[in-house]
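>>> Sequence below, structure please.
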Amino acid sequence: MQFGFTADQDNKTLPKTLLAGFLDAMDTVITWQTPDQSEVAAFKLRDDLNRLADDLIAATQSWKQGAWVLQNTWSGFPDPAEFLFLGFDGQGQVNATGYFEDWPSYWHRQEQD
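Predicted coordinates:
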């Protein structure tokens, strides 16, 4: 397995079902892109999500129904971890989530054209 480092202190409060999907994603090859304007706008409209972290920095459609990575401006104890993974179902509801500190080696970032 090529896990990045999870932030156990933050993840211990998350529902186990959401955390299981995140742990699966950390062990999966995923190609991430810089979010486009519509994804950034969607993030800003989701009060439930933009309260969790400051910026949407990566998006993908290559993992199940899609996923985002959010980044916190301030991170580390006592603040949350630097990154937050969010996986979505077909209706746009979060079905996987987890905090992490280091980018997993299976995840690749590409710039959008």
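
>>> List phi and psi for N50.
Phi and psi for N50, reported as degrees, to the nearest 10, are phi -70, psi -10.

>>> try Q93
Torsion angles, degrees, to the nearest 10, at Q93: phi -90, psi 140.

>>> same deal with L45?
phi -80, psi -20.

>>> Reduced to three states, what does the residue minimising distance to the centre of the chain come out as?
For the chain, the residue nearest the mean C-alpha position is F85 (1.5 Å; C-alpha atoms, centre = their mean). State at F85, reduced to three classes by DSSP: H, G, I helix; E, B strand; the rest coil: strand.

>>> which other helices and strands contact the longest helix that the chain contains?
If you go by DSSP state H, the chain has its longest helix at helix 16-26. Here helix 16-26 touches strand 83-88, strand 94-100, going by 3 or more C-beta pairs under 8 Å, 6 or more residues apart in numbering; DSSP states H and E. Quick note: C-beta positions are derived from backbone N, CA and C, even for glycine.

>>> Hmm, F22 and the residue nearest to the centre of the chain touching each other?
Yes. Using C-beta atoms under 8 Å, F85 is in contact with F22, at 5.1 Å.

>>> Show me the common contact partners of those two, please.
Residues touching both F85 and F22 (C-beta atoms under 8 Å, 6 or more residues apart in numbering) are A96, T97, G98.

>>> ok, those vs N50, which is closest?
T97 (14.0 Å; C-beta to C-beta).

>>> Next one: the closest one relative to L19, how far apart?
Separation of T97 from L19 (C-beta to C-beta, to the nearest Å): 7 Å.

>>> Comparing these two, which residue is more hemmed in?
Legend: neighbour count by other C-beta atoms under 10 Å for T97 and L19, higher for T97 (22 against 18).

>>> how much space between the closest residue in space to the more buried one that isn't next to it in sequence and W74?
Distances taken as C-beta to C-beta, 6 or more residues apart in numbering place L18 nearest to T97, at 4.6 Å, with adjacent residues excluded. Look at L18 and W74: by C-beta to C-beta, they are 23 Å apart.

>>> Give me the more crowded residue out of those two.
Using other C-beta under 10 Å, the more surrounded residue of L18 and W74 is L18, with 17 against 9.
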